[in-house]
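Asker: Let's see this in three dimensions:
(one chain, ligands or ions: 1)
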Amino acid sequence: MKASLIFSRSFPVGDVDPRLYGSFIEHLGRAVYGGIYEPGHPASDDRGFRRDVLELVRKLGVPIVRYPGGNFVSGYKWEDGTGPKELRPRRPELAWRTVETNQVGIDEFQEWAKRAGTEIMMAVNLGTRGPEEARALVEYCNFKGGTYESDRRIQNGFREPFGVKTWCLGNEMDGPWQMGAKTADEYGRIACETAKMMKWVDPSIELVACGSSNSSMPTFGKWESTVLGHTYDHVDYLSLHSYYGNRSGNTPDFLACSLDMDQFIRSVIATADYVKALKRSKKTMMLSFDEWNVWFHSNDADKKIEPWSIAPPQLEDVYTFEDALVVGCLLITLLRHADRVKIACLAQLVNVIAPIMTETGGRAWAQTIFYPFMDASRYGRGRVLAPALACPVYESSYGDAPYVETVGVWNAEKEELAVFAVNRSLTEDVELSLDLRDFPGLQPKSYHILTAGGMKVTNTADEPWNVLPMILPLPAFGGGKAAPVLPPHSWNVLVFGKK
Ligand code: AHR
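Answerer: You can find the predicted model right below:
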C-alpha cells in the first residue's frame, strides 16, 4: 500500500513539554517494595534502591514521576512516610486491600527521584483528608526552614527543600471506588480551597485538578465543566486518565484505540475552552494525561490475590508486541496534542502495568512497551509538526483508522527531524513517500524499528530479547524526498539531520 506524508516548519502544533514523557509510581503491588526498593537485593544501593531498576528508568528518560498514587493516595497519611523508619506505622491500605509498611515515603522517594534523574509530581489526599494536610505537605517539601513542618524535614536529615513543582489535587475523585469520592461541586470547592492554600505556601508550584476517571464515566463532561467552574483561576492543568485492552481479541480494532484517546483529548479541550469563554478568561487551561497505558492482561489474576498481604504481585500485565504498537500510537496521539497536553504519565513504571519488570530478589528487564516509549522520549523533544498524510483507512469501532499513525518532531537545537510512524496493517508494507523539501540540507541519520514475529510475543526474565529495537539501513533520499518502506505491524522512527 502507498501513503504520502509532508512535514513543514510552517505548520507547528506546539512545543513538547518534557513532562509529556512522565510516568507513575504508586504504593501498589510490587511497584515500590520489590520494584524500586529492595534492601538486601544484590543490586541494591546504600538506601535500598535497586540499581538495575534505576538503570532501566534512566534509559527510558522519564523526566517526572507521579507519586504516591493513584487510588492509594486517597487514604494516605503522608506523615507516615517521614522520619525514623522503625517508628513508622503499618496500616491496612483500603484501595488495594494490602498492608502498607511505610518503609518508603516522601523522605525516601525524593532521594530515589534524584538518583533516577527525575522530578516528582506529588499527589495530595483529597479523599479522606483536606486542605490543611495538603498545605502541610507543601510546607514539609518546599519551605526553606524555621517552621514546624520544614524543621521536621531538616531534623529528618534533609536541610535542602525537595522543591516539588508539580502537584495533583487528589485522584479520580468522581470514582465510586475512590476513598472519599465526591460530587463535582464537592470536589470543585475543596480543590479550589486546597489550591489557594498550597499556592500561598509556595506560589511557584503548579496544580492539576482531577478530570473524570475516564471518558465513560456517566458524569464525563459535566464533571469537567463544574470542576473548572470552581477552580479555573487557581489550577494550571486538568487531568485525563485512560486505559485500553484487547478484550475481544480483535487486533486491528485494538490498534485503532488511539482514536479514542484523540477524541477524549478533543472533548476535554472543548469543555475547558467553554469554561474559559464563560469566565471571559485570558488563561488557557492545559491538560495533564497523568494515567495512560494498556491494562487488561492481569485482571483475572488480581481477583485471586490474598487480601492484607504486603506488596503482592498486583496489576502485573505481561505486555505483548501488539501492546507496544498501541503504546506507540498513543504516544503519537499525545504528541499531536502537544499544544494542550503538557504532562502525561505512562501508568505505571515498575511491575504494576509497567514497562519495567523485576523478580523480587532476582532479575529486572524491559517489557515490549519499554521501547516505543524510550524512542519517543529520546527523539521526540522539540516542536511538533502537524502531518499532512494521505493514507488508506480501515473501519474500526472507533471510526476510520488510517493504516499509518504518524507525527514529526523538529529539534531546533540539534537540527534534527524525527518522524514517528506506526504501520497498523498486519499484512502489508506501506511505501511512504515522505516530502521534506522544507528542510534543506537534512539527510537521513538513523532508522529505528520495532517489529516482531507475532503480535502476541512477549519479553520475559528468561527471554528479555524477544522484542528488541533494530537499526535498519537508511531510506533512499533525493530531492528532499525519502521513500521508506514501513513493514507490516511496525513502530518506526526515522531521524533526519545534518551529516
Ligand atoms: O494505575 C492504577 C489505578 O488506575 C490507579 O490507582 C487509579 O488512579 C486508576 O484507576
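Asker: Flag every residue of the stretch 51-200 of the chain that's near the ligand.
Answerer: Applying CB under 6 Å from any ligand atom, one finds that the stretch 51-200 of the chain approaches the ligand through G69, G70, N71, N171, E172. Bear in mind the C-beta positions are built from the backbone N, C-alpha and C, glycine included.
Asker: so the first one touches M121, yeah?
Answerer: This points to G69. No. Judged on CB atoms under 8 Å, G69 makes no contact with M121 at a distance of 11.6 Å.
Asker: ok and the residue in the stretch 201-350 of the chain nearest the ligand?
Answerer: Residue of the stretch 201-350 of the chain nearest the ligand, by CB to the nearest ligand atom: A347 (4.3 Å).
Asker: Just name whatever secondary elements the helix or strand hosting G229 is in contact with.
Answerer: Counting by DSSP states H and E, the element that carries G229 is helix 222-231. Applying 3 or more CB pairs under 8 Å, 6 or more residues apart in numbering; DSSP states H and E, one finds that helix 222-231 makes contact with helix 184-201, strand 206-209, strand 237-244, helix 258-278.
Asker: just to revisit the earlier point, quick one, what contacts the residue of the stretch 201-350 of the chain closest to the ligand?
Answerer: Applying CB atoms under 8 Å, 6 or more residues apart in numbering to A347 gives the contacts S23, F24, R66, G70, H241, Y243, D290, E291, W292, N293, W295, I353.
Asker: For the fifth one, give the beta-bridge partners.
Answerer: Counting by DSSP bridges, H241 forms beta bridges with E291.
Asker: quick one: stretch 290-303 near the ligand?
Answerer: Yes. Contact of stretch 290-303 with the ligand (CB under 6 Å from any ligand atom) involves E291.
Asker: circling back to that earlier point, of the contacts of A347, buried ones?
Answerer: Buried subset of the contacts of A347 (neighbour count, 16 or more other CB atoms under 10 Å): S23, F24, R66, G70, H241, D290, E291, W292, N293, W295, I353.
Asker: pull the helix or strand with minimum mean pLDDT from the chain.
Answerer: Every helix and strand in the chain was compared by mean pLDDT, DSSP states H and E; the lowest is strand 477-478, with a mean of 84.
Asker: May I have the residues that are in contact with the residue in the stretch 1-150 of the chain that the ligand sits nearest to?
Answerer: Here the residue of the stretch 1-150 of the chain nearest the ligand is G70; by CB to the nearest ligand atom that distance is 3.0 Å. With contact set as CB under 8 Å, 6+ apart, G70 has these partners: F24, E26, H27, L28, A95, A123, N171, E291, A347.
Asker: repeat for E119
Answerer: R19, P63, I64, V65, A113, V164, K165, T166.
Asker: change it to 7 Å
Answerer: Counting by CB atoms under 7 Å, 6 or more residues apart in numbering, E119 touches P63, I64, A113, K165.
Asker: what do you get for K196?
Answerer: Going by CB under 7 Å, 6+ apart, K196 touches H234.
Asker: 10 Å instead?
Answerer: Residues in contact with K196 (CB atoms under 10 Å, 6 or more residues apart in numbering) are P131, R135, L207, T231, D233, H234.
Asker: cool, and G61?
Answerer: Here G61 is in contact with P18, Y21, G117, T118, F373, M374, D375, A376, S377, R378, G380, R381 (CB under 10 Å, 6+ apart).
Asker: Can you show me the helices along this protein?
Answerer: For the chain, applying DSSP state H gives helices covering 51-60, 106-116, 131-142, 148-155, 184-201, 222-231, 251-255, 258-278, 299-302, 321-336, 370-379.
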